[in-house]
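Novice: give me the fold of what follows.
(3 chains)
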Amino acid sequence: MFGQPIVRREDPRLLVGQGAYLDDLGQDALAAAFVRSPYAHARITDIDVSAALEVDDLVAIYTYDDLAGPLADPLPLLIPHPTLTHGRTAHALARDEVNHVGEAIAMVIAHDRYLAEDAAERIVVSYEPLPEVVGIEAARDGSILVHDDVPGNLAARMVQENGDAAAAIAAAAHRLTLDLQVERSASTPLEPRGVLARWDTESRRLRMWSSTQTATGLRAAIAAKLQLDLVDVEVIAPDIGGGFGVKINHPWPEDVLVAFAARTLQRPVKFTEDRREHFIASAHERGQLHHVEVGYDDDGRMVGLSVRFWHDNGAYVPYGLIVPIVTSTQLLGPYRPGSYRVEFDSLYTNTVMVTPYRGAGRPQGCFVMERTLDAIARERGLDRVEVRRRNFIQPEEMPYDQGLIFQDGRPLIYDSGNYPAAMDLLTKLVGWSDFESYREQARAEGRRVGIGVACYVEGTGVGPYEGGHVQIETSGRVKVATGLTTQGQGHETVFAQIVADELGVPIDSVQIVTGDTRRMPYSVGTFASRAAVMSGSAIALAARAAREKILRVAAEALEASPDDLEIDDGLVHVKGNPGAGIPLGTVAVLSNPLRYAFDEASKAATQFAVGDQEGPPVADDDEPGLEGRDFYSPPRATFACGMHAAIVETDPETAEIRILRYCVVHDCGRLINPRIVEGQIHGGVAQGVAGALYERMAYDEHGQLQNASFMDFLMPYVTEVPSQIEIDHLETPSPLNPLGIKGAGEAGVIPSAAVFAAAIEDAEGFPITRMPISPSELFALRQQHRKVSR
Amino acid sequence: MTVPARRLVSALPEELFDVQLTVNGAAQRASVPARRLLSDFLRHDLGLTGTHVGCEHGVCGACTVLLDGRPVRSCLLLAVTADGSDVTTVEGLAEPDGTLSPVQQAFQDCHGLQCGYCTPGFLTTITAGLRETPNPTRDDAREMIAGNLCRCTGYLNIIAAVLRAAELSDGRP
Amino acid sequence: MKVSDEVMLHGSIDDVWQAINDPAVLVRTIPGCELLEVTGPDRYRIVVSAGVAAIRGTYSGEVAMHDQQAPTSFVLTASGAGAPGTVRTDVAVTLSEDGSGRTRLRYDADAAIGGVIAGVGQRMLTAVAKKTAGEFFAAVDDVLTGAMPISAEAASPGAEPAGRTFVAPGPSGRTPNGFVSGALVGGAIAIAGVLVGRLLGRRP
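Specialist: Residues are numbered from 1 along each chain as shown, chains lettered A, B, ... in the order given. Alright, predicted model coming up:
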């Protein structure tokens, strides 16, 4: 089953409308709606709820004054770092100041959402508007502050270096400087956020469902806020309509407040976000400004690279510095930079906070490195692919230590990869050496075309760990659980493929559950392209533990040695003798010595039925039941890589940009299900195209988000994505996990800004330093460069 | 089989209007306020949660259902305006014995869905689209789905699913 | 929870004192009042169906009047318990004439609210209290100005035999007899007259 492109097992129920997404649940729950700040920066002077009382079926209205104990404290700073000296997070409901449009001020609970919104509309909040800080330039200027106690709006300043970059650049034969910018965008999954909480009055326990990428993370945070023991909080991630990173942040104010309301009112309470709220109250990413200095030799080899950048983290930083740390480290790509120094400032602005969005800082880093290499090639008059080859880390240099600390707190060491081979595949796929003649042909037709390439590496499968639990029931069904969550990646299928192989059972007998703390309470979450690596490995290890026990118990029953046994199609038999075997279900019965039979099959395990009268029914070092449980915890991330090429055409008059060809070479180690990996690449490329050409967050100078809807935030329809994506695979198996796999989830989106900037620049002949780019911006750049060249 | 309609939780000052319609072949009836969206009516009053809401402003198409055979954005319609209509949702596409419709089967065959949230809207849209254009070219297929957003798949497999669905239907309208 | 407010009533201080001590007035002006029963000297049992929005239900409680200094001040203590919560409140009421034929009435209620009902949020509770009190005083004012006719005889303060019960007039306009000297002032009582069914899922 491993490596087979089988159809997905989760599809049947999703195709007939039997998915269970958050808003499908809790039809009996009370509904929550929020009063949110219309100002980007303001002090709250009064909240008058009297008019809301006109709304019938209004149940409750909460403001900050109703929160006590840990609920009144700011939301947790999830990922601290020594350089994050001024980390600020929001309160669940604004205490006295709001710092972005959309910040929650009051929560209304009513019998349905329509009425809750009616009541929310009638609540009158009085504000004293304060000056706003919008954009990186304004933030770093520092004359207006987002938080009064954060000078210069500086949450953190961090430096990482390997060698002496400044000296190397100064001594280099050639030097270049670049100023580059990437604008803010967002995940925008089709399903916005949602949370449902039920308080069980009798057992005094809380059960929550959330459209979250981390059930265990949310559980721990809620337990802390509500002062409950972990064992009294259950969190279940139901079907989730996409995450793409935004749903990894936790706990949202709404999570905490809905749980609080459910316990206080002793009624189930549900909140589902609407689209506008998702734009103004969840999270964004990507906005950065970079200044690059690079030194290189006559052949275009880097000897020193110094990057200074400014990262807009929005109003709060619950997710710490992960995004800019990923940018800092993954910027290096598959290359040897010589000496490297990276310094960044993470800055507050009066805008929605910034947490990871698919790529999580890598797209910005890739953009910077790839523009730099293209600039070197241009200056030296060298082929752009050739310059990259000269800077590649060679396969024989693996494992390669870049001398930095990665986002998992571990050394940035590339474990495996063959970048020259990947580039061979890409240049062949796109026809790199044939392009110039194609360009000439196009030029003769009055058409303007260009080609770009971009390469990246991705440290996937970061720890700390994931777990797998495999249990064989007396029915023969195999129940598997892992704690991380699923948002469409096909986990129910790929993890079942692993178990089917490891145990030798038909795949239809395997059931996978993800994201349910009742089934697997130890987990981290789904992010950083880690699920296949982490849970895949843990499940494989757990299945192997179960298999070992299966063979041991069956061996006793079959009076054979475990080494002589194998399992085929759910039947344990002596090798070469498939006829005489025992089904897995029977082994499960035998594994649990019983006093009481509960059905026909279980009689075989009762005390007068089973053999050995000498020893104890359950040996000292053994346990009853047929289960395997194990955890996978890697020493560090495992490095996938990819290289993309794009051929674009730009209209000489309208500056419209058309994608003629899009090629992907991708290495994520061994593939569990090639069809699913391909689907991930398609989706990632589509998001990458969108991020390069269409999507951005348009804030005005007062912090008002002007395009907070799909009407104005340009998500791509089928008409905006390439009509074909040509893919070739390379497999350099990972030495770090038992299955040899690497993560694939974010691959498609990482090099997009870089590859489109490169292709458009190649078509136009002037530098593209800022992404995304729209036709009108390209038009304006043309005007600008025309003036200059006169 | 009639699905008992859930009673709207608020029966108070909002004036209620009687809505009678057929949904997936079954007669349905409920009293709802004028402002009740068709999407909310289907999902919460009738318990048919297969139709999903992605934006509530008619752009994403996840809420698409067939109203008298034509694809409509149920988030842009009031339930009261569907009075007397014949509505088909994703729950009404498969055969009574559970066999997937050609469009549904094609989506499975072609890996046309990942998270599944936008899928019901595509299924209804394409079902209607193939009735009109039973033998679509690749360009026809793109046109057919050009009003529905998907964030997961990048659309290529969905186009393949449209073409495959046409194959499975044997070009039958 | 503290709720305080001041209202102007259109009557002399004596008229106002009489009105708010007249059971015929009270049973018509207290929002949702259904029943008053004398249970002892200055002690009463009351049944009120009250509240706003989803905070609505039947409250059954005990009220005691004390520290009366007619016609300028008194203190009322009320307490009650029900499935969604408990209430205990002390309300200090003072009256003063403003010289133009109107009387200023000030109330200061100090309520301890517990249980589920306490969980609807402080601002909402306070707003409900003020709103209900506002309705009560507007109705009392209507009585004083004659906008609401009351046909029962005025009562004079004094002990009443236990067991006398006063019922809210139904649509037929029956007027109760007897006298209750309990003043049910302030939204504290209305809050306490709160919600069993709605909050606890009488809904399907």
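
Novice: who's in contact with the residue of chain B found nearest chain A?
Specialist: When scored by Cβ to the nearest Cβ, chain B has residue B:50 as its residue closest to chain A, at 2.0 Å. C-beta: built from backbone N, CA, C; applies to glycine. Residue B:50 makes contacts with A:16, A:17, A:18, A:19, B:89, B:90, B:91, B:120, as judged by Cβ atoms under 8 Å, 6 or more residues apart in numbering or on different chains.

Novice: can you rerun that using 10 Å?
Specialist: Residue B:50 makes contacts with A:14-19, A:24, B:24, B:42-43, B:65, B:89-93, B:116, B:119-120, B:123-124, as judged by Cβ atoms under 10 Å, 6 or more residues apart in numbering or on different chains.

Novice: what of residue A:717?
Specialist: With contact set as Cβ under 10 Å, 6+ apart, residue A:717 has these partners: B:59, B:60, B:61, B:142, B:145, B:146, B:147, B:148, B:149, B:150, B:155.

Novice: in the sheet, who's paired with the residue lying closest to residue A:652 once chain neighbours are set aside?
Specialist: If you skip the residues right next to it in sequence, residue A:652 has residue A:448 as its closest partner in space, 5.5 Å away by Cβ to Cβ, 6 or more residues apart in numbering or on different chains. Legend: beta-bridge partners of residue A:448 under DSSP bridges are residue A:650.

Novice: my read is that residue A:448 contacts residue A:660, right?
Specialist: No: the pair residue A:448 and residue A:660 does not pass the contact test of Cβ atoms under 10 Å, sitting 11.3 Å apart.

Novice: identify the contacts common to these two.
Specialist: Residues touching both residue A:448 and residue A:660 comprise A:442, A:648, A:649, with contact defined as Cβ under 10 Å, 6+ apart.

Novice: which residues does residue 123 contact?
Specialist: As the question left the chain open, I've gone with chain A. A:35, A:47-52, A:61, A:63, A:105-106, A:108, C:123-124, C:127.

Novice: try chain C instead
Specialist: Contacts of residue C:123 (Cβ under 10 Å, 6+ apart): A:47-50, A:52, A:60-63, A:65-66, A:106, A:123.

Novice: what about the strands in chain C?
Specialist: In chain order, chain C shows strands spanning C:2-9, C:33-40, C:43-52, C:55-69, C:73-82, C:85-97, C:103-114, C:165-167, with DSSP state E as the criterion.

Novice: next one: chain B
Specialist: Under the criterion DSSP E, strands of chain B are mapped to B:16-23, B:26-33, B:64-67, B:70-73, B:86-88.

Novice: residue closest to the middle of chain B?
Specialist: What sits nearest the mean C-alpha location of chain B, by Cα atoms, centre = their mean, is residue B:65, with 2.9 Å.

Novice: now do the contacts for that one.
Specialist: Under the criterion of Cβ under 10 Å, 6+ apart, the contact partners of residue B:65 comprise B:23-24, B:38-39, B:42, B:48, B:50-51, B:71-74, B:77, B:82, B:87-92, B:120-121, B:124-125, B:128.

Novice: partner residues bridging it?
Specialist: residue B:72.

Novice: quick one on the thing from earlier: now a PyMOL select for only the buried ones of the contacts of residue C:123.
Specialist: For selection in PyMOL, the members of the contacts of residue C:123 meeting the burial criterion (16 or more other Cβ atoms under 10 Å in any protein chain shown) are listed in this command:
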select buried, chain A and resi 47+49+50+52+60+61+62+63+66+106+123
